[in-house]
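J.: generate a structure from the sequence data that follows.
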Amino acid sequence: MATFIAFGGLSHDKQQFSNKRNRSTKYTISSGLPIVQYHKSVTGEEFEDMLKRSCDEEYSNAKPEYDKDIMETLAGTYSWQSFWKLMLYVFGCSPWDLETWGLRLSLTEKEKTVKLLGRLLPHPVWECRVDILRFVLQKTITYRYGSDMEPLGPLAPGIAKGVVKAKPPNAADTALAMWEESNPRTNHNIDQLLKEISKKVAASKSKPKSANLLILEPEDVIIVSEALDTIQVYTVDQYWDSFVRYQPNWPGGMTPYDAETIIRWDGLNLSEKENRWVLGAPDIPPREREHNEELRYWRSQGCDSQAARLVTWGDI
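T.: Residues are numbered from 1 along each chain as shown. Predicted coordinates:
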């Protein structure tokens with residue numbers, strides 16, 4: 001097997017991975033498929049320390065209320081344990097980092113949703129970036145609702161830092177304009193994927209199940225998977241099978257190791273989320289907060305009001 005640096009994947013006749021914004025995504029070539037490599041080795045102790053450090057001291061003692069029985073049941077399932085491992089392996093973050101910027105997984109069908117979603121994670125189209133995956137899932141849901149809302153997400157670190165440094169008079173407006181010009185849809189591959197997803201949603205005639213926008217249902221994940229299979233030479237299942245087969249540390253050696261660990265990690269994540277809600281802080285994961293929280297482009301006059309409410313827990 002040979003390792004190479006790709007612009008998001010392997011070129012072929014149906015779809016060329018040509019996003020030049022990420023020049024360091026690593027893949028392993030095996031049987032013609034680009035296979036996502038290990039993102040970063042993280043021990044259970046290191047990750048737990050990372051979670052604890054993400055909680056600000058000012059609300060570190062607050063205690064959230066959540067159904068312990070539901071969390072323990074979910075933590076005991078192979079689907080949730082596997083999803084945790086995949087998120088750490090591919091994106092270097094927790095599953096709860098995906099459920100931010102207003103996106104939520106259906107509570108009633110969460111196990112089924114993560115089981116389907118897990119198979120999508122090793123696909124090279126995401127470039128090992130959880131913000132790209134999140135944006136595509138958000139857009140898929142808006143298509144199902146027939147909504148023209150444009151979801152929000154993090155500005156690229158370099159762009160956000162540049163806006164903060166420039167100190168424009170209307171920083172929020174400038175940041176929003178930069179988001180519109182640089183969000184994942186400006187990537188040709190993602191734009192083509194979203195167009196195919198839109199077609200499949202229209203053909204499926206899938207109806208909204210929740211009064212709240214951005215609740216991810218199993219059928220949303222299925223549509224994304226089918227759309228990827230339509231525009232790619234290799235299928236989602238082929239990428240998944242190759243990923244599992246050629247990872248020497250998968251699943252052995254991966255953390256977390258047991259349900260008790262996951263329950264603890266879920267508890268830390270939920271505590272942090274609950275406390276940010278209490279403080280009125282935006283729904284942004286720890287590693288995407290730098291500069292984005294300062295710019296607060298969801299408060300721009302030009303921002304979609306519904307998208308803004310979702311980022312601020314429904315109350316802006």
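J.: the chain: helices as residue ranges?
T.: 44-53, 68-75, 78-86, 95-98, 110-118, 130-145, 157-166, 171-182, 188-204, 218-231, 236-245, 259-279, 292-295, 305-311 (DSSP state H).
J.: in TSV, list these along with mean pLDDT and mean neighbour count.
T.: In this view, the C-beta of every residue, glycine as well, is placed from N, C-alpha and C. Listed next are the helices of the chain as TSV, based on pLDDT from 0 to 100; neighbours: other C-beta atoms under 10 Å:
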stretch	mean pLDDT	mean neighbour count
helix 44-53	68	14
helix 68-75	74	14
helix 78-86	88	19
helix 95-98	94	22
helix 110-118	93	20
helix 130-145	95	23
helix 157-166	93	15
helix 171-182	96	18
helix 188-204	94	17
helix 218-231	96	20
helix 236-245	87	17
helix 259-279	84	18
helix 292-295	94	18
helix 305-311	92	19
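J.: residue 118: what's it in contact with?
T.: For residue 118, the contact set (C-beta atoms under 8 Å, 6 or more residues apart in numbering) comprises 79, 82, 83, 86.
J.: name the nearest residue to the second one, ignoring sequence neighbours.
T.: The shortest distance from residue 82 to any residue that is not its chain neighbour, by C-beta to C-beta, 6 or more residues apart in numbering, is 5.7 Å, and that residue is residue 118.
J.: pull the distance from stretch 104-117 to the chain's centre.
T.: 14 Å (C-alpha atoms, centre = their mean, to the nearest Å).
J.: what does it contact?
T.: 74, 77, 79-80, 82-83, 95, 98-99, 209-210, 212, 214-218, 221-222, 225.
J.: let's see that with 7 Å instead.
T.: Outside stretch 104-117, the residues that touch it by C-beta atoms under 7 Å, 6 or more residues apart in numbering are 74, 77, 79-80, 83, 99, 214-218, 221-222.
J.: extract the CA atoms of that stretch and return them as CSV.
T.: The C-alpha trace of stretch 104-117 is given here as CSV (Å, rounded to 0.1, in the frame of the first residue of the first chain):
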residue,chain,number,x,y,z
ARG,A,104,-29.6,17.2,15.9
LEU,A,105,-30.0,13.4,15.5
SER,A,106,-33.5,12.1,15.9
LEU,A,107,-33.9,10.9,19.5
THR,A,108,-36.5,8.3,18.7
GLU,A,109,-34.3,6.7,15.9
LYS,A,110,-30.8,7.7,17.0
GLU,A,111,-29.4,4.1,17.1
LYS,A,112,-30.6,3.5,13.5
THR,A,113,-29.4,6.9,12.3
VAL,A,114,-25.8,6.5,13.7
LYS,A,115,-25.6,2.9,12.3
LEU,A,116,-26.3,4.3,8.8
LEU,A,117,-24.3,7.4,9.3
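J.: for residue 291, what are its contacts?
T.: Residues counted as contacts of residue 291 (C-beta under 7 Å, 6+ apart) are 160, 161, 164.
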